[in-house]
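>>> Mind folding the following:
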Amino acid sequence: MQTSSNRKKMVIGNWKMNGSSTANASLLRSVLPVISRFENVEIALCPPYPYLSAVADLLDDSEVALGAQNLSAELAGAHTGEVSAHMLHDNGCRFVLVGHSERRALYAEDDALVAKKFSTALQAGLIPVLCVGETFAQRQAGETQAIVTSQLSAVLNAVGVDDLVKGVIAYEPVWAIGTGETATPEQAQAVHRHIRQWLATQNHAARADCRILYGGSVKADNAEQLFLQPDIDGGLIGGASLDAMSFVAICSAAQDKTAA
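Residues are numbered from 1 along each chain as shown. The predicted structure follows:
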């Protein structure tokens, strides 16, 4: 059974709807020589769909993994404009984000759809990164733990605890995404601890084994203190993953925490 000291740390860069062929290549030329040397932290990048193949080629000689930002809940068929889990796997993806707050808020993805996407990802051999988190109003109302538990329970009820912990969980407070606001290390740790304690009620081993990342305006200057928290196993990084120096610093903070 793993403990907080030997769960391998992880940093995932979510490029969102940003990038171009030229910009992507330039960014990777800057970061790969450095982050590829970090042995104690697992790193993945999630570019937009059109760039998956090109980024896969650029990552080919490195240990950095490829991920996608979304997937269809359906395995195949007449679903114009959708991208299947098998297509992502075929293009070299290892990870896929599921239930990101922007998908939930802007595209009306509910817990049932998120759970189906999680299951579909597993069927195709992908590792789903399940995003959970509360809005500012829900936090102010004292509903954070209830909201997060409900989002986790929807997936648990669909796939079971053994499959749930085959994925990665990312706690991303909605009020701290793209706003410049960040949960304090203590606030983030409190929710991560709650998630880990909830996992233990389902399967005691899951508490120690499951990696839980923090996502919510993680930057070079706050990553170290966030990653020092005992239940935070790394970060899901948005805007800072598009800046070479910032992303390298964040990955280094995860590496240093592991080494410590």
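
>>> Centroid-wise, who is the farthest residue in this structure?
For the chain, the residue at maximal distance from the C-alpha centroid (CA atoms, centre = their mean) is Ala78, at 28.8 Å.

>>> low-confidence ranges in the stretch 51-200 of the chain?
Applying pLDDT under 70 to the stretch 51-200 of the chain flags the ranges 178, 180.

>>> mind listing what the residue nearest to Met17 when sequence neighbours are not counted touches?
Taking CB to CB, 6 or more residues apart in numbering, and ignoring the residues beside it in sequence, Met17 has Pro48 as its nearest neighbour in space, at 5.9 Å. Heads up, the C-betas are built off the backbone N, CA and C, glycines and all. Contact analysis of Pro48 by CB atoms under 8 Å, 6 or more residues apart in numbering lists Trp15, Lys16, Met17, Asn18, Gly19, Gln69.

>>> Now with 7 Å, please.
Trp15, Met17, Gly19, Gln69 (CB atoms under 7 Å, 6 or more residues apart in numbering).

>>> Which strand or helix spans Glu74?
Counting by DSSP states H and E, no helix or strand carries Glu74.

>>> Numbering from 32 from now on, please.
Done: numbering now begins at 32, and the last item shifts to Glu105.

>>> State the distance from it to Ala136.
According to CB to CB, to the nearest Å, Glu105 and Ala136 sit 22 Å apart.

>>> Ok, Ile281 next?
In terms of CB to CB, Ile281 sits 24 Å off from Ala136.

>>> Give the buried residues for stretch 76-91.
Using 16 or more other CB atoms under 10 Å as the test for burial, stretch 76-91 gives Leu76, Cys77, Pro78, Pro79, Tyr82, Leu83, Val86, Ala87, Leu89, Leu90.

>>> Does the residue nearest to the last one when sequence neighbours are not counted belong to a helix, a strand or coil?
Take Leu90 and drop its neighbours on the chain: the residue closest to it by CB to CB, 6+ apart is Leu97, 5.9 Å away. At Leu97 the chain is in strand, as set by DSSP: H, G, I helix; E, B strand; the rest coil.
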